[in-house]
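Chemist: structure for the following, please:
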Amino acid sequence: MTMQRKVMTSIKLQKNLHRRLQQRIIEDGYGMRGKSKWIIESIEALLKLSDYPTLVDIADDMDQLSDMVSIRLPEDLMLRLEQAVVHVRKQYPTIEGVKSNLIRASIIQRLLRQSASVTEV
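Modeler: Alright, predicted model coming up:
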């Protein structure tokens with residue numbers, strides 16, 4: 001298995017969302033070093049949803065984004081995110097910061113689906 005290149009990116013989250021994210025990562029057994037893995041899985045799950053542009057539009061309404069969160073994403077996921085940005089912009093041309101909103105939406109969706117089983121392999 002070849003090591004895939006990772007791309008650093010950061011997003012801003014609301015304080016309470018960031019706190020919930022950290023709690024969930026630990027509750028789900030990822031440990032503090034598993035933050036990127038947890039977020040990667042949540043992005044992949046979001047991109048599988050047919051209505052993800054709508055969820056991104058909802059994430060665009062967030063304010064008071066005070067906490068910076070840095071994550072390392074595999075290069076291929078970053079490319080898929082770029083494609084998703086184009087897709088979202090076609091439906092919502094006025095949204096700013098689409099990539100951050102995509103990541104935020106994926107975190108929110110995974111937190112909302114707390115009872116959902118661990119992502120299928």
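Chemist: in the chain, which spans are strands?
Modeler: Secondary structure of the chain (DSSP state E): strands at 6-13, 67-74.
Chemist: list the contacts of stretch 25-37.
Modeler: By C-beta atoms under 8 Å, 6 or more residues apart in numbering, the surrounding residues in contact with stretch 25-37 are 21-22, 38, 69, 71-73, 118. Where you see a C-beta, it was placed from the backbone N, CA and C, and this is true even at glycine.
Chemist: what two of those have the greatest distance between them?
Modeler: Val69 and Val118 (21.7 Å; C-beta to C-beta).
Chemist: what about Ser36, distance to Arg20?
Modeler: As for Ser36, its distance to Arg20 is 17 Å (criterion: C-beta to C-beta, to the nearest Å).
Chemist: neighbour count winner among these two?
Modeler: Ser36 (19 against 16; other C-beta atoms under 10 Å).
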